[in-house]
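Undergrad: Provided below are the primary sequence and the corresponding predicted coordinates.
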Amino acid sequence: MVAQFQSGITAEASQDAIFLTFNQTDQPDALPRIRAMLAAVPALQQQWQAQYPDAGLHLVAAVGTAFWPLLIDGQAPALLAPFPALAEGERLAPATPVDLLFHIRSDRHDLNFQLAWQIREQLAEVAQLVDEVHGFRYLDSRDMTGFVDGTENPEGDQRAEVAVVGDEDPTFAGGSYIHLQKYIHRMPLWNRQPLQTQEDTIGRTKADNVEYASSDKAATAHTKRTSLKDADGQSIEILRHSMPWGNSQQCGLMFASYCRTPANFETMLRSMVEGDEHQQWDHLLKYTRAVTGQAFFAPSVSGLQALAG
């Protein structure tokens, strides 16, 4: 029987999202209560979807890589690994591990807010909120830089093929490796750049979202540094569920990668931060910086439910 994955892993893009991260507290009953709460996530999602069937609501629960062996006895996903912290001069991809992630998304901010509040109340005393970031669709699916985001995402059945663990790790089939980074954009600096510089930095036109021909892209263009192939010439893919975030003081991108292997995200990150053998790195990093970096595994629906035992 094919393992059922959490629906939010492959669901189409939403209008609104909330990213909640938590760390376990020192309460003596913290672990069993966290297990019980995670086990109830599939039923909790079904309850909200039944009540608001047109909202496109999804909830993905995931466990931090360092927290996994504390929370779950026995085996771990085959490729479970900490976030790959990188530093190359001023270019940083820091690791800021946390224990739990709840990725809520729908087309209604009010529902996301209510569900986030409910999750926080259920985890009261046993898990402390580390960060709460509200993401939103900006214009016609653009990043705060003004460029369309997520154009390289797989479509249709390919989304599950890219994002969901399969027979290569049968015990954890139906799960997904998640990497989460919070980027803060240097908007004043970015906005001072001429349009041509911005487009060359991305490797795509801004207004009409036309990608440069490969021969016209600089080796430092964002689309060049992240559109990669493996040794067999196959595209290295991830499923992005990134969303802009911001307030009147700062803004950026919550970058969320879902994949059946953590290797794809790490390869892309190294290409951006460290660059290639010619030291050609992603010049978009002149204008944005990552302030968090976290790695998680989102178990299958049955994997979550089994925590009740």
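TA: That came through fine. Residues are numbered from 1 along each chain as shown.
Undergrad: The helix ranked longest in the chain packs against which elements?
TA: Scanning the chain for the helix with the most residues, using DSSP state H, yields helix 109-122. The helices and strands touching helix 109-122, judged by 3 or more C-beta pairs under 8 Å, 6 or more residues apart in numbering; DSSP states H and E, are strand 16-24, helix 41-51, strand 100-106, strand 127-136. Backbone N, C-alpha and C define where each C-beta goes, glycine included.
Undergrad: got any ranges where the stretch 1-150 of the chain has weak pLDDT?
TA: By pLDDT under 70, the weakly predicted segments of the stretch 1-150 of the chain are 1-2.
Undergrad: now the helices for the stretch 101-250 of the chain?
TA: 109-122, 158-163, 187-191, 195-202, 222-226 (DSSP state H, counting those that start in this stretch).
Undergrad: Mean neighbour count, those: which tops it?
TA: helix 222-226 (a mean of 21; mean count of other C-beta atoms under 10 Å).
Undergrad: which outside residues touch that helix?
TA: 152, 201-204, 211-212, 214, 217-219, 268, 271-272, 275, 280-284 (C-beta atoms under 8 Å, 6 or more residues apart in numbering).
Undergrad: what separates it from the chain centre, distance-wise?
TA: Taking C-alpha atoms, centre = their mean, to the nearest Å, one finds helix 222-226 lying 18 Å from the centre of the chain it belongs to.
Undergrad: next one: stretch 143-151
TA: Worked out by C-alpha atoms, centre = their mean, stretch 143-151 lies 16 Å from the chain centre.
Undergrad: Equivalent analysis for stretch 199-210, please.
TA: 23 Å.
Undergrad: Endpoint to endpoint, that stretch covers what distance?
TA: 10 Å (C-alpha to C-alpha, to the nearest Å).
Undergrad: Can you list the neighbours in contact with it?
TA: 145-148, 151, 193, 195, 198, 211-212, 217-218, 220-224, 283-284, 286-287.
Undergrad: Tell me the buried residues in stretch 233-253?
TA: Buried residues in stretch 233-253, counting neighbours by 16 or more other C-beta atoms under 10 Å, are found at 236-246, 251-253.
Undergrad: Sorry, wrong one. I was asking about stretch 300-309.
TA: Here stretch 300-309 shows 300, 301, 303, 304, 305, 307 as buried, counting by 16+ other C-beta under 10 Å.
Undergrad: Correct me if wrong: the third one contacts residue 169.
TA: No. Distance between residue 303 and residue 169: 11.6 Å, which falls outside the contact criterion (C-beta atoms under 8 Å).
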